[in-house]
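In: Model the structure of this input:
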Amino acid sequence: MSPLTASQFKDVVGRVASGVVVVAGLAHDGPVGFTCQTFASLSLHPTLASFAAGNTGESWPRVRDANVVGVSVLSDGQADVARLFATSGVDKFAHADWTPAPGGSPWLDGALAHFEGRIVALATHGDHDVVVVAIDHAVVGSGQPLLYYRGEYRRLA
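Out: A predicted model of the protein is given here:
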């Protein structure tokens, strides 16, 4: 058997359906954020969540420096928002409505749910940083989640 290639790994891992979130922070020059599909709950006691952020992009270092992050769980009608926040080199918040969370981080309007918390741990693995966030605030909206599967945004059937 030949060694696993990055292309093969991407094809296989693409069979894992995931929810889609936008992770955002309030940088010194305004709000900044990025699309993420690796958000997960980590612990109930204490309330912790985790996500992985590509460490070669422009947005993550600015969000990381904010230390307080807002996470917006995208609803099934927000595929355009997911695409916007996955784009580099544009002012994403010029095209997205948002509300400050209790700690000041951006929460995107129309999302299915929101979390806000403080970055408490970070470890670099390959081309991503694995981040642990102590969740201080969480609210739930209504609707259905946006999913990502095999390279496309999808809805529950």
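In: Tell me the first helix or strand C-terminal of the helix or strand of the chain with the lowest mean pLDDT.
Out: Per-element confidence for the chain was summarised using mean pLDDT, DSSP states H and E. The lowest value among helices and strands belongs to helix 6-13, with a mean of 92. Sequence-wise, the next helix or strand downstream of helix 6-13 (DSSP states H and E) is strand 18-19.
In: Now find how far off-centre that following strand is within its chain.
Out: With CA atoms, centre = their mean, to the nearest Å as the basis, the distance from the averaged C-alpha position of strand 18-19 to the chain average is 10 Å.
In: What pairs with it, parallel or antiparallel?
Out: According to DSSP bridges, strand 18-19 forms sheet pairs with strand 146-149 (antiparallel).
In: and the strand it pairs with, how far from the chain's centre?
Out: For strand 146-149, the distance from its own C-alpha centre to the chain's C-alpha centre is 13 Å (CA atoms, centre = their mean).
In: Give the helix, strand or coil label for the residue nearest to residue 99 when sequence neighbours are not counted.
Out: Of all residues beyond its chain neighbours, the one nearest residue 99 is residue 107 (5.2 Å), with distances taken as CB to CB, 6 or more residues apart in numbering. All C-beta spots, glycine's among them, are computed from the backbone N, C-alpha and C. Under DSSP: H, G, I helix; E, B strand; the rest coil, residue 107 falls in the strand class.
In: now the one 4 residues further on
Out: For residue 111, the secondary structure call by three-state DSSP comes out as coil.
In: tell me the phi and psi of it?
Out: Main-chain dihedrals, residue 111, degrees, to the nearest 10: phi -70, psi 160.
In: Burial check on it, number of neighbours?
Out: By the criterion of other CB atoms under 10 Å, residue 111 has 25 neighbours.
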